[in-house]
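Engineer: The following comprises the amino acid sequence and a computationally predicted model.
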Amino acid sequence: MTRSPRRQLAAALTACAGAFAYTVSKVDPARDGELGMPGFPAPPEAYGQVADVTAA
């Protein structure tokens, strides 16, 4: 089954939008020096593995 170029573009844009949303959800808490995602904080032992959260 061959997809039309328009459907391929829509699929690619959807994947890009999802990746962008994921990136923003990781960068926002990192700017505050926190690990995890909004609403899902990382466990305390994760902070021992990362020296500088913002740089990571």
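Structural biologist: Perfect, thanks for sending it. Residues are numbered from 1 along each chain as shown.

Engineer: Checking my notes, Val27 in a helix, right?
Structural biologist: Yes. Judged by DSSP: H, G, I helix; E, B strand; the rest coil, Val27 forms part of a helix.

Engineer: how much space between Ala10 and Ala21?
Structural biologist: Taking C-beta to C-beta, to the nearest Å as the measure, Ala10 falls 17 Å from Ala21. Quick note: C-beta positions are derived from backbone N, CA and C, even for glycine.

Engineer: Look at Ala42 and say how many residues are nearby.
Structural biologist: Neighbours of Ala42 under the rule other C-beta atoms under 10 Å: 15.

Engineer: Kindly apply the preceding question to Met37 instead.
Structural biologist: 13.

Engineer: ok, which stretches of the protein are helices?
Structural biologist: Secondary structure of the chain (DSSP state H): helices at 5-31.

Engineer: Any stretches of it with poor pLDDT?
Structural biologist: Residue ranges of the chain with pLDDT under 70: 1-2, 56.

Engineer: List the residues that contact Val53.
Structural biologist: Ala30, Gly33, Glu34, Leu35, Tyr47 (C-beta atoms under 8 Å, 6 or more residues apart in numbering).

Engineer: Let's have the residues you listed in TSV, adding distance to Thr54 and neighbour count.
Structural biologist: Output for the contacts of Val53, formatted as TSV (distance: C-beta to C-beta, whole Å; neighbours: other C-beta atoms under 10 Å):
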residue	distance to Thr54	neighbour count
Ala30	6	16
Gly33	6	10
Glu34	10	15
Leu35	11	17
Tyr47	13	13
